[in-house]
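Undergrad: Any chance you can model this:
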Amino acid sequence: MAVSLPSAPSVDQVPVRRALLSVSDKTGVIDLARALAERGVDLVSTGGTAKAIRDAGLPVRDISEVTNFPEMMDGRVKTLHPMVHGGLLAVRDDPAHAAAMTEHGIGAIDLVVVNLYPFQQTVAKGAERPEIIENIDIGGPSMVRSAAKNHGYVSILTDPADYADFLAELATHDGASTLKTRQRLAAKAFAATAAYDSAIAQWFAFADQGEAFPATLPLAFTKHPESLRYGENPHQVAALYLPQKGGQGIAQAEQLQGKALSYNNLNDADAALELVSEFIDGPPTVVIVKHANPCGVASGETLLEAYQAAFACDTVSAFGGIIACNRPLDAETAEAISGIFTEVVVAPDASPEAREIFAKKKNLRLLLSGELPNPSRPGLMMKSIAGGLLVQSRDNGRLTDDMLKVVTKRAPTEQELADCRFAWTVAKHVKSNAIVYAKGGSTAGVGAGQMNRLESARIAAWKAKDAAEKAGWAEPRTIGSAVASDAFFPFADGLLAAVEAGATAVIQPGGSIRDDEVIAAADEAGLAMVFTGMRHFRH
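TA: Presented below is the predicted three-dimensional model:
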């Protein structure tokens, strides 16, 4: 037989007669305290908050007057006392609770205003371990949780942004809070303490203990104020969440114009920005992405030259695509981009002239990323699966000279090696199985996401041939190109397809049991091939 449990005790409107204020961030607290005092609310406070209120000429009692116990141990012990938590946790309509309050002289606390020690800010500024530990708040979260649990009677404010609305509620209800508001504030309070504990747990696990994958993965993100219209498809709902300690990427980019970004816009723009950031120290480079795969990438003497070469790689897929640049946008490049329909353009900045040109394209979203994210940065990547969460470190591997191993009789020329490096960088950001042809600092053809490498090689070559026909070139850019494979060739057939397309150099991880067969095929065709010893699967 099911047991019926009573609902949490509460009343709708609770007059605010006594408030406890203890904040690290004192933004707005004096105005709040003044408004409460004008309503005759008894103000109780701690340490620096009490001093600030008193210095503002407002009446306030120190917490020690309530507990009859001095603050001690450098303020570590001040609110952890029955006179405080009894006043917070007492169920006002419970006769036993009321009797206990009377017997021990415990006064009810109707409002708690608390924000916590600046733990994350202390870590961010590079403080030493003792200072970091000292900024782990104990009393604050305890008061927040006590007040939030007893939201049937107690209001809890943890965010200065809520002060004005709370005061407006008191004005509307003759100095009382409503249950609906207390419930909302309690939910926000528990989220605040959960995020705070998550930050502390992350610091202990990753920074202090050096764990790559702790037994419990403590994560907390804050929802972006603007909701997404839907997910990958209209029947899916979606939202963007931001890390607690800030970040640098597409989620933080400034949107200058255009309608709200969709889930797919953000996903594709992120793919474009991540790839173009690989060229953070390189020449002007433009990336064009469609459905999270690059369809054209090029470097040039100017951004305009880079865009024209990237666009020529696949003029069909570029329609409705995402464009990212590693340089501030200039007017000439903006004018060229405006020639076709583009969903999103991402750049570190844009000239006034470029902004004016894009302003005429009402549906185009222009995102300014500021400084490009560091492609070598650490981090975790997560993917939800049925019943769990896959977590791995970011693929921040980058090619260095000492990684390259020439395995064919012929070594690549200087130009072939440059093309190999370019193709390899792009292939890292193409869905597997990935094949990328590149020549002269530009992609010639991209084969993405096929079930076998041979088909990817053929598709990339076909796209290069199609691009040449559309542009009126004498031959496709795969002739004399370098080809990159994100993983080893399991058979020689994929390599032979690249030979047929006109490639003269190959870069691949190596490591197949048939490497000797593939190397022999490359030698017979006169190709130069280098192994990297690193693969870049992207599923």
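Undergrad: which stretches of the stretch 351-500 of the chain form strands?
TA: With strands called from DSSP state E, counting those that start in this stretch, the stretch 351-500 of the chain shows them at 365-368, 380-385, 388-393, 405-406, 435-438, 443-447, 482-485.
Undergrad: Give me the contact list for stretch 209-219.
TA: Stretch 209-219 is contacted by residues 197-198, 201-202, 205-206, 389, 391, 393 when judged by Cβ atoms under 8 Å, 6 or more residues apart in numbering. C-betas here are computed from N, CA, C, even on glycine.
Undergrad: try 6 Å this time
TA: Residues outside stretch 209-219 that contact it (Cβ atoms under 6 Å, 6 or more residues apart in numbering) are 198, 201-202, 205.
Undergrad: most surrounded residue in these?
TA: Neighbour counts for the contacts of stretch 209-219 peak at Gln202, which has 20 neighbours (criterion: other Cβ atoms under 10 Å).
Undergrad: Please, which helix or strand holds it?
TA: Assessed by DSSP states H and E, Gln202 sits inside helix 179-202.
Undergrad: Show me what the helix or strand following that helix is packed against.
TA: Toward the C-terminus, helix 179-202 is succeeded by strand 221-223 as the next helix or strand (DSSP H and E). Judged by 3 or more Cβ pairs under 6 Å, 6 or more residues apart in numbering; DSSP states H and E, the packing partners of strand 221-223 are strand 241-243.
Undergrad: how many neighbours does Tyr230 have?
TA: 14.
Undergrad: cool, and Asn452?
TA: The number of residues packed near Asn452 is 13, by other Cβ under 10 Å.
Undergrad: What sits closest to it if chain neighbours are left out?
TA: Distances taken as Cβ to Cβ, 6 or more residues apart in numbering put Asn433 closest to Asn452, at 6.4 Å, once the chain neighbours are dropped.
Undergrad: Please identify the buried residues of the helix holding Gln202?
TA: 181-182, 185-186, 189-190, 192-193, 195-196, 198-202 (16 or more other Cβ atoms under 10 Å).
Undergrad: got it, and stretch 100-117?
TA: In stretch 100-117, counting by 16+ other Cβ under 10 Å, buried: 101, 106-117.
Undergrad: Let me know the closest of those to Asn363.
TA: Nearest to Asn363, judged by Cβ to Cβ, of the buried residues of stretch 100-117 is Asn115 at 41.2 Å.
Undergrad: pretty sure that closest one contacts Asp25?
TA: Yes - taking Cβ atoms under 6 Å as the definition, Asn115 is a contact partner of Asp25 at 4.9 Å.
Undergrad: Contacts only, for His173.
TA: Contacts of His173 by Cβ under 6 Å, 6+ apart are Gln13.
Undergrad: Next: Trp424.
TA: 399, 484, 507.
Undergrad: what about 10 Å?
TA: With contact set as Cβ atoms under 10 Å, 6 or more residues apart in numbering, Trp424 has these partners: 398-399, 404, 436, 438, 482-486, 507-509, 530, 532, 534, 536.
Undergrad: about what we covered before: can I get the contacts of stretch 209-219 in CSV with distance to Ala238 and pLDDT?
TA: Putting the contacts of stretch 209-219 into CSV (distance: Cβ to Cβ, whole Å; pLDDT from 0 to 100) gives the following:
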residue, distance to Ala238, pLDDT
Ser198, 22, 93
Ala201, 27, 93
Gln202, 25, 92
Ala205, 29, 92
